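Undergrad: predicted coordinates and the sequence they were generated for:
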There are 2 protein chains.
Amino acid sequence: MSDTFKGDGIFPKGPLNEAYAAYFTGTSYLEMLSTEGVYIGNVTFEPGCRNFWHIHHKGGQILLVTGGRGWYQEAGKPARELRPGDVVNIAPETKHWHGAAKDSWFAHVAVEVPAEGKSNEWLEPVSDEEYDALG
Amino acid sequence: MSDTFKGDGIFPKGPLNEAYAAYFTGTSYLEMLSTEGVYIGNVTFEPGCRNFWHIHHKGGQILLVTGGRGWYQEAGKPARELRPGDVVNIAPETKHWHGAAKDSWFAHVAVEVPAEGKSNEWLEPVSDEEYDALG
């Protein structure tokens, strides 16, 4: 493990993220921090866990990294390493994935950008080949 | 000081919050984390610093506490003590203030709930009598 973060950060880790388990490789946890006005969730990824490639239609999502080490990647671009304090502003209609590094827990707050008719489109998993090539 | 937090938390403290200094008692710092999609700022308060009573019209604000110890109070209600991990979902049209405890730095991420025609109304300062009665 690359640091001492074990998923217990500032915000509650919450229960197993069962609602989205079908779109994740590995185990994640989800604690909703706000379900009024703006949806905000705290997402915690075990080492090696990442979500599938996906697209936020109409409204994007903003990630505020709070613990550990992870990755964010947009299709056709190199992956960006994420550390606590990093912010990712994901534009709508952008194919991407995010998740933990293979040797580190990772946590981010995810802020949904509200939009009329907003939806998420879940695509294929990030392959082991793509993921294992990252550090 | 009640703990070791000195304003340097997960998110950058940023420069002096000059844009809103006229509506704060004491010194605060503001680092904008997002100015697209949803406005998100990291606000850091020195010990004793708090903002004036104010109202968010149309769209509210969500506070995610990241460091130190502080207070949130709505008019006519007792103040609520805030610690890291606490979340405050401030409804529109609610007169309130927030800030540090007198013996502690304090930091929260503030997420603006988007709304058509949104505005802030700044009112009177929190008096020393009201504030000093808190711990």
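TA: Received the coordinates, thanks.

Undergrad: assign the residue nearest to the spatial centre of chain A to helix, strand or coil.
TA: For chain A, A:H98 is the residue whose C-alpha lies nearest the centre (Cα atoms, centre = their mean; 4.3 Å). Using DSSP: H, G, I helix; E, B strand; the rest coil, the structure places A:H98 in strand.

Undergrad: now the strands for chain A?
TA: Applying DSSP state E to chain A gives strands spanning A:24-25, A:28-34, A:40-45, A:50-51, A:54-57, A:61-68, A:70-74, A:80-82, A:87-90, A:96-100, A:106-112, A:119-122.

Undergrad: now the fifth one: how far from the chain's centre is it?
TA: Going by Cα atoms, centre = their mean, to the nearest Å, the spacing between the C-alpha centre of strand A:54-57 and its chain's C-alpha centre is 13 Å.

Undergrad: what residues of it count as buried?
TA: Residues of strand A:54-57 classed as buried: A:54-56 (neighbour count, 16 or more other Cβ atoms under 10 Å in any protein chain shown). C-betas here are computed from N, CA, C, even on glycine.

Undergrad: how about the residues of chain A by chain B?
TA: A:10-12, A:33-34, A:36-38, A:40, A:59-60, A:62, A:64-66, A:84-85, A:87, A:89, A:109, A:111, A:113-114 (Cβ under 8 Å from any Cβ of the partner chain).

Undergrad: nearest residue to the residue nearest to the centre of chain A other than its sequence neighbours?
TA: Nearest residue to A:H98 in three dimensions, chain neighbours excluded: A:Y72, at 4.6 Å (Cβ to Cβ, 6 or more residues apart in numbering or on different chains).

Undergrad: isn't that neighbour up against A:H96?
TA: Yes. Assessed by Cβ atoms under 8 Å, A:Y72 is found in contact with A:H96 at 6.7 Å.

Undergrad: hmm, who's touching the least confident helix or strand in chain A by mean pLDDT?
TA: Scoring the helices and strands of chain A by mean pLDDT, DSSP states H and E places helix A:128-132 at the bottom, with a mean of 95. Residues from elsewhere that reach helix A:128-132 (Cβ atoms under 8 Å, 6 or more residues apart in numbering or on different chains): A:25, A:48, A:50, A:102.

Undergrad: ok, the second one - contacts?
TA: Shown here is A:G48, whose contacts under the criterion Cβ under 8 Å, 6+ apart are A:25-26, A:100, A:102, A:131.

Undergrad: a markdown table for those residues, including neighbour count?
TA: Listed next are the contacts of A:G48 as a markdown table, based on neighbours: other Cβ atoms under 10 Å in any protein chain shown:
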| residue | neighbour count |
| --- | --- |
| A:T25 | 18 |
| A:G26 | 15 |
| A:A100 | 25 |
| A:K102 | 17 |
| A:Y131 | 19 |
